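S.K.: what's the 3D shape of this:
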Amino acid sequence: MMHTRKIRLMMASAAFVTLAGPAFALDGADMMKKLSAALEVNGTSLAFDKAEVDGDAVTASGVKLQVTGQPGDSINIGDVTFEGVEESDDGGYTAETVSFADVNVSEKEDSVSVKQIAIGGLSVPGNASGGTIDDILLYESFGTGPIEVKVKGKDVFKIASIESNLSRQGNDAGFDFDATLAGLSADLSDVEDAKAKDAIEKLGVKQLDGQMTMKGSWELESGNLAVEEYAFDFKNVGRLNIAMDFSGYTLQFLKALQEANKAAQANPNKEEANQAMGLAMLGLMQQLTFNSASIRFDDASITKKALDYAGSQQGVTGEQMAQSLKGLVPIMMAQLNLPDLQNQVSAAVSTYLDAPKSLTISAEPEKPVPFPMIMGAAMGAPNTIPSVLGVKVTAND
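M.R.: Just a heads-up that it's a prediction; the model follows:
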């Protein structure tokens, strides 16, 4: 009797495993379709030939990225391998790593190559049209190895590597993000235009060498998007950093923006689509609030070279050119009818030209300013914008 019971239990267990097996198997095609749906909200989509599953790995072949509504505009990506894939409770998918084939595109002596393209911690939503943090296509890291662009067989542009990271804040309050483009170089020695070639040589920028960095955060509830750093730093030129902070960029705002973009892509009448998109953007801008912004340039010898070059074109020295600019700036600013700003700009330019170190333009109002107020000031009384935004211009600080 006991023996019969054990046999029945074993048979029941076997039947359960047999029935449950297909339910837990990954559906590679479904994952690719949902990945494409998540990309469509931004105006692009994926096409693929097949998606093969091997354990927790999915390999998609013949992958193409294309602009929604324009099948002719596509980029051949080739094979894409997703590893450590799991299906989420909401019908979406996660992948520990996503790797791509190296890109090598060439035409005669011109070519572009990108190596070691990879994504880490990919999250594909089950419902890309939803309105929560889990309905957004996300990744934890993205990176590449060397990127090279050749023209007539000669290297003209290179990036040693790209690395970017996206991390969720506590309680899913938002995200912190950063990115670095390292080893950014450009060869301008083969520029053909004689005037441009002369300027490049005298400014000493035939070979550019630097990097780009970015850092910021996005708070979902308030829609506060703060870009603390968006900088280009080149050796023997200088560092240009742009920072901005505004609120209202919520998930609802993002969804409305995506829907407007999707509608524009679907409209065959491009002129009408552009007009509709413009009106939609104007309406969405009403929801944003300006907090602060700044542009700062830290000189690394380019200013003196620029003054010397500009002066040589006028038959004067670089120092004489600087003195001429110091006298010209107040005259130009006076035409704008901005007396407070005129004095700031004149003083800052004079200080900077005497000893070039840094020049900063910042806007930081006492209280956040709604975008409709800024647009109203721009149309009704443009000379009030600097005071509305709290604009300041400083040098060498």
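S.K.: how confident was the prediction at the residue lying closest to residue 355 once chain neighbours are set aside?
M.R.: Residue nearest to residue 355 in three dimensions, not counting chain neighbours: residue 396, with 6.6 Å by C-beta to C-beta, 6 or more residues apart in numbering. Quick note: C-beta positions are derived from backbone N, CA and C, even for glycine. For residue 396, the model assigns a pLDDT of 96.
S.K.: output the lowest mean pLDDT helix or strand found in this protein.
M.R.: helix 2-24 (a mean of 41; mean pLDDT, DSSP states H and E).
S.K.: which stretches in the stretch 101-250 of the chain count as helices?
M.R.: 194-203 (DSSP state H, counting those that start in this stretch).
S.K.: low-confidence ranges, the stretch 51-200 of the chain, go.
M.R.: For the stretch 51-200 of the chain, residues meeting the criterion pLDDT under 70 lie at 68-73, 130.
S.K.: now the strands for it?
M.R.: Per DSSP state E, counting those that start in this stretch, the stretch 51-200 of the chain carries strands over the ranges 57-67, 70-83, 86-87, 93-100, 103-107, 110-114, 118-124, 141-144, 147-151, 154-159, 161-168, 174-187.
S.K.: which residues touch stretch 339-355?
M.R.: Stretch 339-355 is contacted from outside by 303, 307, 322, 325-326, 329-330, 333-334, 336, 358-359, 386-387, 391-396, using C-beta atoms under 8 Å, 6 or more residues apart in numbering.
S.K.: now with 7 Å?
M.R.: With C-beta atoms under 7 Å, 6 or more residues apart in numbering as the test, stretch 339-355 has contacts from 322, 325-326, 329-330, 333-334, 359, 386, 391-396.
S.K.: likewise for stretch 125-143?
M.R.: 34, 37-39, 41, 88, 90-92, 118-124, 161-167, 172, 220, 251-252, 255.
S.K.: what of stretch 105-122?
M.R.: Stretch 105-122 is contacted from outside by 94-100, 102-104, 139-153, using C-beta under 7 Å, 6+ apart.
S.K.: and residue 247, which of the strands of the stretch 51-200 of the chain is closest to it?
M.R.: When these are compared by C-beta to C-beta, strand 174-187 sits nearest residue 247, at 11.9 Å.
S.K.: neighbouring strands - and their directions - for the closest one?
M.R.: Sheet pairing of strand 174-187 (DSSP bridges) gives strand 154-159 (antiparallel), strand 161-168 (antiparallel), strand 207-219 (antiparallel).
S.K.: export the ones you listed to CSV and append columns for distance to residue 74 and mean neighbour count.
M.R.: As requested, the strands paired with strand 174-187 are exported to CSV (distance: least, C-beta to C-beta, whole Å; neighbours: other C-beta atoms under 10 Å):
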stretch, distance to residue 74, mean neighbour count
strand 154-159, 24, 15
strand 161-168, 22, 16
strand 207-219, 27, 17
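S.K.: want to throw those into JSON lines with distance to residue 379?
M.R.: JSON lines is the format used below for the strands paired with strand 174-187 (distance: least, C-beta to C-beta, whole Å):
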{"stretch": "strand 154-159", "distance to residue 379": "41"}
{"stretch": "strand 161-168", "distance to residue 379": "38"}
{"stretch": "strand 207-219", "distance to residue 379": "30"}
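S.K.: quick one on the thing from earlier: nearest to residue 49 among the contacts of stretch 339-355?
M.R.: For the contacts of stretch 339-355, the nearest to residue 49 is residue 359 (53.8 Å; C-beta to C-beta).
S.K.: so which of the strands paired with strand 174-187 gets nearest residue 54?
M.R.: Per C-beta to C-beta, nearest to residue 54 of these: strand 161-168, 28.0 Å.
S.K.: got the contact list for that closest one?
M.R.: For strand 161-168, contacts defined as C-beta under 7 Å, 6+ apart pick out 138-145, 175-183.
S.K.: please spell out the ChimeraX selection for the buried subset of the residues you listed.
M.R.: Of the contacts of strand 161-168, the buried ones can be selected in ChimeraX as follows, counting by 16 or more other C-beta atoms under 10 Å:
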select :138,139,142,143,144,175,178,179,180,181
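S.K.: hmm, back to that, okay, the strands of the stretch 51-200 of the chain in JSON lines with distance to residue 279 next?
M.R.: As requested, the strands of the stretch 51-200 of the chain are exported to JSON lines (distance: least, C-beta to C-beta, whole Å):
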{"stretch": "strand 57-67", "distance to residue 279": "22"}
{"stretch": "strand 70-83", "distance to residue 279": "22"}
{"stretch": "strand 86-87", "distance to residue 279": "41"}
{"stretch": "strand 93-100", "distance to residue 279": "37"}
{"stretch": "strand 103-107", "distance to residue 279": "38"}
{"stretch": "strand 110-114", "distance to residue 279": "37"}
{"stretch": "strand 118-124", "distance to residue 279": "32"}
{"stretch": "strand 141-144", "distance to residue 279": "34"}
{"stretch": "strand 147-151", "distance to residue 279": "38"}
{"stretch": "strand 154-159", "distance to residue 279": "38"}
{"stretch": "strand 161-168", "distance to residue 279": "32"}
{"stretch": "strand 174-187", "distance to residue 279": "29"}
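S.K.: closest one to residue 292 among these?
M.R.: Using C-beta to C-beta, the nearest of the strands of the stretch 51-200 of the chain to residue 292 is strand 174-187, at 18.0 Å.
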